[in-house]
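1. sequence-free structure coming up:
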């Protein structure tokens, strides 16, 4: 453990050194973020998962910085450049940008123009000129003419000297620091259409002639421009005004107006245009990209969290339908555990005879399998199938629910689905996924690559490693927050439990198949390769609802069972009595049970868990219906008010499903009667909302919606009514959650 890293992180995150040290120690021991947050509150002073993740990620970054320092020191030593002073500078560097600036003059490089000039013996001339003591540079240059070395004239000598000076300026740490500050404060993103791409790249039309401050550019615009650049539609540059950058360098290096200073001035211009501007643009592009990625990933992870924590219908006998017109609707019947009992195909959108037959099949299946709910995929023919079912009078009491089917086709073709249903058609597997997703979104969605679920923003353009880490963190957090029934969970779900992973999850699954259901958490210790550490990390998150010990159904960790036993003994009752009787629990004075390792936070958690053992933190399921008669985009009219479900939240607004097979966009300016800075503060994925249709573009398949009480009215910045703007003035919404400088991104490059 690096004490300097602990102090650095404590200062950056405004935490106590002891807190950061405790977290670092627990992470080194193999503890997971959910375990630390839930069961080691005394050690961390109740830090939540967000802060714990920040500490973990910063520790990794500082470790990467240390590795780079070691590599640089080795290179300096191998090449004979290392001095005590240089070593001290390297070790003191707080970020990669500063570290690389220190190393740059000594970094092995290909032959440059300055290298060639030095080989010609022009370094002494460059030093004389750079001193700027008022010498005549032309006279001095004449002394260095040497045709044998390739210096044919005074101009050749001066040109070579300027090349050396230009490189010296480029490698000057102070100059790079100052220039970097200008790029951060005044850098502009400049986007222009590439020659000949005006027509083929029409989707990027907004960025054909676009200028914007890099420090204020929102994530979605940065990523859109970069995608356009990648597709050769746009040309993008990032730079501050050239004049200001050059003047800054002149202020640092020009000492007079003498002829030798004029040579330095020429070298400065060359250094900026040929060397410094390019390397600085590379840095700032990386910083802007990193910042855009961070925000886009946050949008994605927030949306994913709300989606997978959607309220579950619960253990019900479900009929699930993957709708279709030409190929028919694939129907499956599932038991309360999600087991496939029957599958069939109906054609409710064909001839009268086929519609009549489809109705009889559905009614028979509902009766035979005692169906309690019907889930329909919300894709093609979804609303039409919903209408067909609601017209069947004999099943009118069974709720019909449209289910977001994004990613169901990905699951149906996956190795997981093939392993579970080796002899069943892809489309039937998709129907099963729809039904299970209705019963328990979390358990089913963990089987699908999160990038396929459709709640991201430019997810394929961001850093994929960072995205995967963040998505994994969210899924792990959600799975462990809800808890997992060890006797019903799939291998995929078990793999996300704290301390397990794919191999141990598979071992648990195989053990369960061989020995039957687990009756107690203690049995976990019999699972092959599941050792004490894995048991410690996972046991509290695994539930056994009908086990021998009532505490095994709760989030009370086995390491705390003795405390609960002592509580029940002191009250002369059983553990079950404590769980069932709130009056008994009210008699417990938790301060009497404080030990060296267990304090008030853990004891409070225990009492809360005893009151609702294994409580699911997700909300109760609520039925939702789209407006009848509004099934396709052509049914929409401006001004119509409709119910909808938020399907995606982005930096510029929210997309809402209103039941017409095409989500509508509620732009950020139409999300509230008050000023909105961050759409995520107003809308959440799966949230039920009321919207008003503003505009319908059937040709481009676009729908504009509003969540305002008075759609289209000017946005407000306070509780006061907004003043109407003159019609001739077009108000451009400049809302952006990205209004902080990205200097921190530079520190981490």
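-> Cool, the structure landed. Just so you know, these numbers come straight off a predicted model, no measurement behind them.

2. how about low-confidence regions in the chain?
-> Within the chain, the stretches with pLDDT under 70 are 714-749.

3. So if we follow the domain assignment, how does it break up?
-> 3-106, 318-439, 625-749 (automatic domain parsing).

4. and the ones you listed, which is most packed in?
-> Between the domains of the chain, domain 318-439 has the highest mean count of neighbours, a mean of 19, where neighbours are mean count of other CB atoms under 10 Å. (Each C-beta comes from the backbone N, C-alpha and C, glycine too.)

5. Report how far apart the opening and closing residues of it are.
-> With CA to CA, to the nearest Å as the measure, the ends of domain 318-439 fall 8 Å from one another.

6. before we move on, back to that, can the domains of the chain go into a markdown table with extra columns for distance to residue 142?
-> Supplementary listing: the domains of the chain in a markdown table, determined by distance: least, CB to CB, whole Å:
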| stretch | distance to residue 142 |
| --- | --- |
| domain 3-106 | 29 |
| domain 318-439 | 74 |
| domain 625-749 | 45 |
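
7. among those domains, which is nearest residue 309?
-> Comparing the domains of the chain by their distance to residue 309 (CB to CB), the top pick is domain 625-749, with 8.5 Å.

8. for the closest one, the distance to its chain's centre please.
-> Using CA atoms, centre = their mean, to the nearest Å, the distance from the centre of domain 625-749 to the centre of the chain it belongs to is 22 Å.

9. what's the single longest helix in the chain?
-> Taking residue count as the measure and DSSP state H as the definition, the longest helix of the chain comes out as helix 277-308.

10. Now do it: which elements does it pack against?
-> Under the contact criterion of 3 or more CB pairs under 8 Å, 6 or more residues apart in numbering; DSSP states H and E, helix 277-308 touches helix 173-186, helix 219-230, strand 234-239, helix 441-445, helix 464-482, strand 641-650, helix 743-747.

11. any idea which of the ones you listed is most buried?
-> Mean neighbour counts were compared across those using mean count of other CB under 10 Å; the top stretch is helix 441-445, at a mean of 23.

12. got the contact list for that one?
-> Under the criterion CB atoms under 8 Å, 6 or more residues apart in numbering, residues 307-310, 312, 338, 407, 411, 433, 436-437, 453, 478-479, 482, 489-490, 493, 618 lie in contact with helix 441-445.

13. one more time with 7 Å, if that's ok
-> The contact list for helix 441-445 (CB atoms under 7 Å, 6 or more residues apart in numbering) reads 307-310, 312, 433, 436-437, 453, 478-479, 482, 490, 493.

14. Can you check my assumption that residue 680 lies in a helix?
-> Yes - for residue 680, which was evaluated using DSSP: H, G, I helix; E, B strand; the rest coil, the result is membership in a helix.

15. so it makes contact with residue 649?
-> Yes - with contact defined as CB atoms under 7 Å, residue 680 reaches residue 649; the gap is 5.4 Å.

16. Summarise which helices and strands the next helix or strand after the longest helix of the chain is packed against.
-> Using DSSP states H and E, the helix or strand that follows helix 277-308 in sequence is strand 318-322. In this structure, strand 318-322 makes packing contacts with strand 329-334, strand 373-377, helix 426-439, judged by 3 or more CB pairs under 7 Å, 6 or more residues apart in numbering; DSSP states H and E.

17. Return the member of the contacts of helix 441-445 nearest to residue 397.
-> Distances from the contacts of helix 441-445 to residue 397 were compared by CB to CB; the smallest belongs to residue 312, at 21.1 Å.

18. contacting residues for that closest one?
-> Residue 312 sits in contact with 439-441, 618, 621, where contact means CB under 7 Å, 6+ apart.

19. now swap in residue 449 and tell me
-> Residues in contact with residue 449 (CB under 7 Å, 6+ apart) are residue 410.

20. try 10 Å
-> When contacts are counted by CB atoms under 10 Å, 6 or more residues apart in numbering, residue 449 is found next to 407, 410-411, 414, 468, 471.

21. Those residues: which two are farthest apart?
-> Checking those against each other with CB to CB, the farthest-apart pair comes out as 411 and 468, at 18.4 Å.

22. Once you drop chain neighbours, what's closest to the most centrally placed residue in the chain?
-> Nearest to the geometric centre of the chain sits residue 297, at 2.5 Å (CA atoms, centre = their mean). In space, residue 297 comes closest to residue 470 once its chain neighbours are excluded; the distance is 4.9 Å by CB to CB, 6 or more residues apart in numbering.

23. Look up how far residue 131 lies from the residue lying closest to residue 122 once chain neighbours are set aside.
-> The shortest distance from residue 122 to any residue that is not its chain neighbour, by CB to CB, 6+ apart, is 4.1 Å, and that residue is residue 160. Shown here: residue 160 relative to residue 131, a distance of 17 Å by CB to CB, to the nearest Å.

24. Residue 421 now?
-> Taking CB to CB as the measure, residue 421 and residue 131 are separated by 80 Å.

25. quick one on the thing from earlier: can you list the contacts of residue 449 in a markdown table and add distance to residue 24?
-> Supplementary listing: the contacts of residue 449 in a markdown table, determined by distance: CB to CB, whole Å:
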| residue | distance to residue 24 |
| --- | --- |
| 407 | 37 |
| 410 | 38 |
| 411 | 38 |
| 414 | 37 |
| 468 | 23 |
| 471 | 24 |
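
26. so which of those would you say is closest to residue 613?
-> Nearest to residue 613 among the contacts of residue 449: residue 471, at 30.1 Å, using CB to CB.

27. Please tell me how far residue 545 sits from residue 513.
-> 19 Å.

28. Residue 626 belongs to a strand, doesn't it?
-> No - using three-state DSSP, the assignment for residue 626 is coil, not a strand.

29. And residue 499, which helix or strand is it part of?
-> Taking DSSP H and E as the definition, residue 499 sits outside all helices and strands.

30. Just to check, it is in contact with residue 530?
-> Yes - look at residue 499 against residue 530 with CB atoms under 10 Å: they come within range, at 8.9 Å.
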